[in-house]
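Participant: Sequence first, then the predicted structure:
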Amino acid sequence: MVEIQALSDTSIFGQIAEHQHEQVVYCHDHETGLRAIIGIHNTVLGPALGGTRMWHYASDAEALNDVLRLSRGMTYKAAISGLNLGGGKAVIIGDAKTQKNEALLRKFGRFVQNLNGKYITAEDVNMTTKDMEYIRMETKHVAGLPETMGGSGDPSPVTAFGTYMGMKAAAKKAFGSDSLAGKRVAVQGVGHVGTYLMEYLVKEGAEIVLTDYYTERAEEAAARFGAKAVGLEEIYDQDVDIYSPCALGATLNDDTLSRLKCQVVAGCANNQLKDEHVHGPALVQKGIIYAPDFLINAGGLINVYSEVVGSSRQGALTQTEKIYDYTLQVLNKAEKEGLHPQQAATQIAKERIAAIGKVKSTY
Ligand code: NAD
């Protein structure tokens with residue numbers, strides 16, 4: 001889940017400068033054992049919003065690298081989706097099974113509160129709704145709460161809808177039609193988002209091959225969706241039209257690219273390209289249309305944003321549907337300007353931040 005890339009300057013400021021972050025906050029508490037890092041990448045468009053994950057990082061440097069990369073991704077995701085949000089993320093260093101407790105989470109909440117709304121947190125890997133309730137006891141700057149607490153609820157169905165829209169747009173580009181009827185799709189990871197996504201795919205008449213780390217889960221999903229379950233490694237060798245990574249990051253890498261037989265890659269996982277400068281162009285060379293991850297998995301963030309600005313779930317779905325148009329726009333730009341799709345998407349995101357930054361330059 002945690003992908004580490006080599007950085008040219010491994011000093012703390014070297015890394016912060018490389019990713020161009022505004023602020024990085026180290027949180028420490030002796031009593032609870034809390035060690036956390038909050039990364040605020042860019043707040044030109046609005047408060048930095050992004051989840052908190054708890055992970056047993058092998059080193060502090062690994063934790064810093066993770067939070068820096070994840071928070072930067074949030075900036076671009078919000079910007080390209082037209083949201084008035086900046087990018088942020090937090091990591092709590094430790095084993096979620098043995099070290100997570102009410103006091104630690106509430107202490108973390110106080111650090112979030114100290115930032116006065118510059119950073120808004122939410123759920124991420126190894127955090128539960130109950131954990132968010134503890135954090136909420138110490139700060140109001142929490143989003144993605146359950147509907148029973150006045151929040152926007154589970155973002156997964158909205159993420160799946162956006163991924164489906166992005167997949168259809170990429171199919172239109174690759175096959176000349178956005179219909180997925182009869183298309184063979186390899187779904188890697190049948191968790192929350194993957195399952196909702198497969199509902200759309202089956203409804204439209206796609207054929208599914210799937211895999212999951214948990215064999216039972218894969219078999220259950222295969223029975224439910226009339227799909228074929230294959231082994232974890234076998235998923236890359238399938239003779240399919242579309243590969244949909246819905247589990248881990250970095251699955252587009254030197255080992256897998258030579259094996260993929262698909263014409264489209266479109267999934268919900270974050271950071272799918274192991275090295276975007278290498279594997280982004282490599283996909284273009286192989287003639288594979290890649291729907292940028294941070295663009296097509298933005299439905300969940302759009303849903304959380306609806307909570308921040310007080311709009312409805314329906315409003316979030318309407319906005320998420322636009323991922324179809326945005327994906328086509330990105331793919332057309334990439335083709336016209338000789339860029340790879342991730343590069344084109346990042347450029348659009350950066351241009352919006354620069355333009356709105358100028359709007360805000362006067363009182
Ligand atoms: P999840 O934990 O519910 O599902 C992930 C599934 O992948 C699990 O069933 C897990 O067993 C499986 N898995 C783990 N390792 C695997 C491997 N090596 N091969 C195959 N399967 C494997 O998570 P989710 O909420 O469905 O999110 C899926 C991905 O989408 C994650 O990368 C997440 O960061 C990203 N994402 C999710 C949302 C959201 O709204 N939930 C939003 C944006 C991005």
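Facilitator: Received, thanks. Residues are numbered from 1 along each chain as shown.
Participant: contact partners of stretch 255-265?
Facilitator: Residues from elsewhere that reach stretch 255-265 (C-beta atoms under 8 Å, 6 or more residues apart in numbering): 167, 170-171, 174-175, 186, 236-245, 252, 272, 279, 282-283, 286-291. All C-beta atoms are positioned from the backbone trio N, CA, C, and that covers glycine.
Participant: Buried ones among the residues you listed?
Facilitator: 167, 170-171, 174-175, 186, 236, 238, 240-245, 252, 272, 279, 282-283, 288-291 (16 or more other C-beta atoms under 10 Å).
Participant: Where helices are concerned, which of the contacts of stretch 255-265 count?
Facilitator: Using DSSP state H, the subset of those located in helices is 167, 170, 171, 174, 175, 279, 282, 283.
Participant: quick one, phi/psi of residue 123?
Facilitator: Backbone geometry at residue 123, expressed as degrees, to the nearest 10, gives phi -80, psi 140.
Participant: Tell me who's in contact with whichever residue of the stretch 51-200 of the chain sits closest to the ligand.
Facilitator: Nearest to the ligand, among the residues of the stretch 51-200 of the chain, is residue 191, at 1.7 Å (C-beta to the nearest ligand atom). Residue 191 makes contacts with 212, 217, 246, 247, as judged by C-beta under 8 Å, 6+ apart.
Participant: Pull up the gap between the second one and the ligand, please.
Facilitator: Just to be clear, that refers to residue 217. The gap separating residue 217 from the ligand is 5 Å, by C-beta to the nearest ligand atom, to the nearest Å.
Participant: Okay, the residue nearest to residue 152 when sequence neighbours are not counted and residue 13: tell me how far apart.
Facilitator: The shortest distance from residue 152 to any non-neighbouring residue, by C-beta to C-beta, 6 or more residues apart in numbering, is to residue 307 (3.8 Å). Distance of residue 307 to residue 13, computed by C-beta to C-beta, to the nearest Å: 35 Å.
Participant: now residue 125
Facilitator: Using C-beta to C-beta, one obtains 27 Å as the distance from residue 125 to residue 13.
Participant: Tell me which of these two has more neighbours.
Facilitator: The neighbour count for residue 125 versus residue 13, taken as other C-beta atoms under 10 Å, is higher for residue 125 (15 against 9).
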